[in-house]
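Asker: Can you look at this prediction? I've put the sequence above it.
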Amino acid sequence: RFMEIEKEEPAPPAPKPVVIEDDDEDEEGSQGEQEKVTEKAKQAPKERPLGLRIPLARVKKIMKQDPDLKMVKEEAVLLVAKATERFIEFLAREAVNSMNADKRKSILYKDLANVVLVHQDTLEFLQDVIPEKVTVKKVKEALAKKKPAAPGRASDAPTATDPAPGVAPSGPAAAPTSPAPEDAAPTTPPAPSAS
């Protein structure tokens, strides 16, 4: 008798929320309170799996935009969402490191561009999205190095007749020219020789 093992009883169900009504309030006031409690219960944030902070519905919607996908399983959405969060954390952490190296208190575009530049091997796909910022002065210097100044020209600045860099010339000046006189075929027949 003394050594009887107590059987574990199942845990009782969770108690329902109790709404306390004051006898002094009229019926309409107590109904309003009940509605507020119900609305708060509906608005309570749902616990997201894996501690995710980005909305899973939006990730799923983006994934479904791929025409090759017919169905997207919930596990795939969770993994893509978690990978996205980890990627954003990595990018932000590296940008903060760049900011701290420059002894600033705010992250600038150049910090993100620096992260892409430093991690070229893994972030190559972002080079078109977050390119390094280039000033007009640097562009002019690069153009001056590529194209030396023509003799007799007053400045290296492009003129109205010069095409923009990377644009093929057009108009009458771009038309093919006739061959040089030494390469041209004679237009008159040679004189007959008298032998």
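Answerer: Okay, I see it. Numbering: from 1, shown residues only.
Asker: doesn't residue 77 make contact with residue 56?
Answerer: Yes - counting by Cβ atoms under 8 Å, residue 56 does reach residue 77; the two are 5.6 Å apart. From N, CA and C alone the C-beta is placed, and that goes for glycine too.
Asker: more neighbours, the two?
Answerer: Neighbour count, other Cβ atoms under 10 Å: between residue 56 and residue 77, residue 77 has more, with 20 against 16.
Asker: Now the host helix or strand of the more buried one: buried residues?
Answerer: If you go by DSSP states H and E, residue 77 is part of helix 74-101. Within helix 74-101, the residues that qualify as buried are 77-78, 80-82, 85, 91, 94-95, 98-99, counting by 16 or more other Cβ atoms under 10 Å.
Asker: Remind me what it packs against, helices and strands.
Answerer: Other elements packing on helix 74-101 under the criterion 3 or more Cβ pairs under 8 Å, 6 or more residues apart in numbering; DSSP states H and E are helix 56-64, helix 109-118.
Asker: For the longest one, name the packing helices and strands.
Answerer: Under the contact definition 3+ Cβ pairs under 8 Å, 6+ apart, helix 109-118 sits against helix 74-101.
Asker: Would you mind giving the orientation angle of the helix it packs on with respect to helix 109-118?
Answerer: Angle of helix 74-101 versus helix 109-118, following axes from the mean of the first three to the mean of the last three Cα atoms, to 10 degrees, is 110 degrees.
Asker: what's the average pLDDT for helix 74-101?
Answerer: In this model, helix 74-101 carries a mean pLDDT of 95.
Asker: any weak-confidence spans in this structure?
Answerer: 1-47, 148-195 (pLDDT under 70).
Asker: could the helices and strands packed on helix 74-101 be laid out in TSV, adding distance to residue 142?
Answerer: Shown next, in TSV, are those (distance: least, Cβ to Cβ, whole Å):
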stretch	distance to residue 142
helix 56-64	38
helix 109-118	17
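Asker: Give me whichever of those is most buried.
Answerer: helix 109-118 (a mean of 18; mean count of other Cβ atoms under 10 Å).
Asker: buried set for the helix or strand following that one?
Answerer: The helix or strand immediately downstream of helix 109-118 is helix 120-123, counting by DSSP H and E. Residues of helix 120-123 classed as buried by neighbour count (16+ other Cβ under 10 Å): residue 123.
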